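Student: Sequence and predicted structure are below.
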Amino acid sequence: MHHLDEVSDARLVTSIARYSEVALAEVYRRHGGAVFGLAKRVLQNPTEAEDVTQEVFLRLWNQPDRFDPGRGSLRSFLLSQAHGRAVDAVRSSSSRRARESRDARRTAEADYDMQHEVWDMAVADQVAQAMGELPDEERRAIELAYFDGRTYREVAELLDQPEGTVKSRIRNGMRRMRAVLADAGIRGVDA
Amino acid sequence: MSHEDASELLGVYALDAVDGEELTELEAHLATCPRCRAELDSLREVAAAVGTTVEPLPEGLWSNIASRLPERHDEEEAPPMPRLAADGRPFRPPAAGRARRRRNLVAGLGAAAVAAAAVAIVLGIGLVRADNKVSGLQAAAGATSVSAALRTPGHTVVDLDTTSHAQLAQFVVLPDGRGYLVSSSMPPLGAQATYQLWGIVGKKAISLGLLGASPRQAAFTMAGSTRPTRLSITAEPSGGAVIPTGPVLATGTV
């Protein structure tokens, strides 16, 4: 038996499977800010990002067994879900047209777990540094695909490069990032 | 799709940047290739690290999520005795659909409650749900009992603290094994949840009973020669659990 903030993510998901709202709230506290942050970065729209965040956590509540701790961290599972949903939304043409910065009503709330926030900021620093060290064309391709929600074919068109080149640049860039992040001790990235 | 072609695509796939027929074919390959799945899992961790930005959470977002969690339509009236499974096994509802599982779980608890009530009497566990039910047992756990217990020679006061050393609850335990809730700062839980008190004996957690969603008064009896060394509180689904499933909110040494 452990205290709430010492309980592993995997154990929290087991509790969610048994309808523990407290466990879901704790997962939200740990990862909600990152889920919302990624959705907002892709969607450029806080309201739509909130919808995505809601969907991601409701889905975890309804289908907790979709998370397999053997396959990776809960953080990457949740972010992958959030990204997939955000990209689906952004790829619909209306959304693409409306994808400009809009006024964000921003009310800071202290719910994002401090410990995780500090960790996230440290990771963000490491990642920013590692991204900065990537060759420009690799970094650009990754950013267009990941944060703008483009397919790699669209990225190739935008950058006026062959699709195969973009595909391998993204792969090489991701692998380079993996090596750097693993060296920096970021959990879970080593193959 | 060949393994080589699939392997080439994993980087872009981890960024959700594959679409159309290629996506279908890649996912078909992934279903049969553990090597590609492992590589994908690791690339997704990289993507998660790249995608981690620190954003304050919007106010009210959690309440929106919490309010959309499916209701339990067939919530039962809580009986005054603990509704715990008596056979010592965790509930294993069938895996068909979350909503269905939910109903089955509640129905299972109803049946288990009868057996649990009998077992609870045998073990001498009496518990008061003071949040919304006034049972016959409540008088026994009233303020008089608590103050009497606190005057009884040999009594032990057990503080249950959170990790941040905040006191969540205080119990008084008598040499004969009876115990009472003295004070509580446990915040009220939703209708679908209850606090549950556990006695820790060796490495096992034994349920001492449900405290309800908003505990104010509770009495329990620890039977048997082996007394718990610690008391712990978890939050559980409203029917309670046979083994702790929720995280430990507070704990204290007896």
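Tutor: Cool, the structure landed.
Student: Tell me how the chain divides into domains.
Tutor: Unless you meant another one, I'm taking chain A. The record's domain parsing of chain A by automatic domain parsing lists A:1-112, A:114-191.
Student: switch to chain B, that's the one I care about
Tutor: Residue ranges for the domains of chain B, per automatic domain parsing: B:3-50, B:125-253.
Student: got the ones you listed as TSV, with mean pLDDT and distance to residue A:162 columns?
Tutor: Heads up, the C-betas are built off the backbone N, CA and C, glycines and all. Supplementary listing: the domains of chain B in TSV, determined by pLDDT from 0 to 100; distance: least, C-beta to C-beta, whole Å:
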stretch	mean pLDDT	distance to residue A:162
domain B:3-50	94	13
domain B:125-253	77	52
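Student: so which of these gets nearest chain A?
Tutor: Ranking the domains of chain B by their distance to chain A (criterion: C-beta to the nearest C-beta) puts domain B:3-50 first, at 3.2 Å.
Student: is any part of that closest one close to chain A?
Tutor: Yes: interface with chain A: domain B:3-50 contributes B:8-12, B:14-19, B:37-39, B:41-50 (C-beta under 8 Å from any C-beta of the partner chain).
Student: still on that earlier bit, for the domains of chain B, give me TSV that also has distance to residue A:167.
Tutor: Formatted as TSV, the entries for the domains of chain B read as follows, by distance: least, C-beta to C-beta, whole Å:
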stretch	distance to residue A:167
domain B:3-50	6
domain B:125-253	43
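Student: Mean neighbour count added to the ones you listed, as a markdown table?
Tutor: Written out in a markdown table, the entries for those read as follows (neighbours: other C-beta atoms under 10 Å in any protein chain shown):
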| stretch | mean neighbour count |
| --- | --- |
| domain B:3-50 | 20 |
| domain B:125-253 | 19 |
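Student: ranking the domains of chain A by mean pLDDT, which is last?
Tutor: When the domains of chain A are compared on average pLDDT, domain A:1-112 comes out lowest at a mean of 81.
Student: between the domains of chain A, which one is nearest to residue B:232?
Tutor: Evaluated with C-beta to C-beta, the domains of chain A place domain A:1-112 nearest to residue B:232, the distance being 5.8 Å.
Student: about what we covered before: so can I have TSV of the domains of chain A showing mean neighbour count and distance to residue B:62?
Tutor: Converted to TSV, the domains of chain A look like this (neighbours: other C-beta atoms under 10 Å in any protein chain shown; distance: least, C-beta to C-beta, whole Å):
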stretch	mean neighbour count	distance to residue B:62
domain A:1-112	19	6
domain A:114-191	18	15
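Student: nearest to residue B:176, of these?
Tutor: The nearest among the domains of chain A, by C-beta to C-beta, is domain A:1-112 at 26.1 Å.
Student: Return the residues in contact with residue B:12.
Tutor: Neighbour list for residue B:12: A:145, A:151, A:152, A:166, A:167, A:170, A:171, B:18 [criterion: C-beta atoms under 8 Å, 6 or more residues apart in numbering or on different chains].
Student: Could you check which helix or strand contains the residue nearest to the spatial centre of chain A?
Tutor: Within chain A, the residue whose C-alpha comes closest to the C-alpha centroid is residue A:79; the distance, by C-alpha atoms, centre = their mean, is 3.3 Å. Residue A:79 belongs to helix A:74-91 when assigned by DSSP states H and E.
Student: Also residue A:54?
Tutor: If you go by DSSP H and E, residue A:54 is part of helix A:46-62.
Student: Nice, that's everything, thank you.
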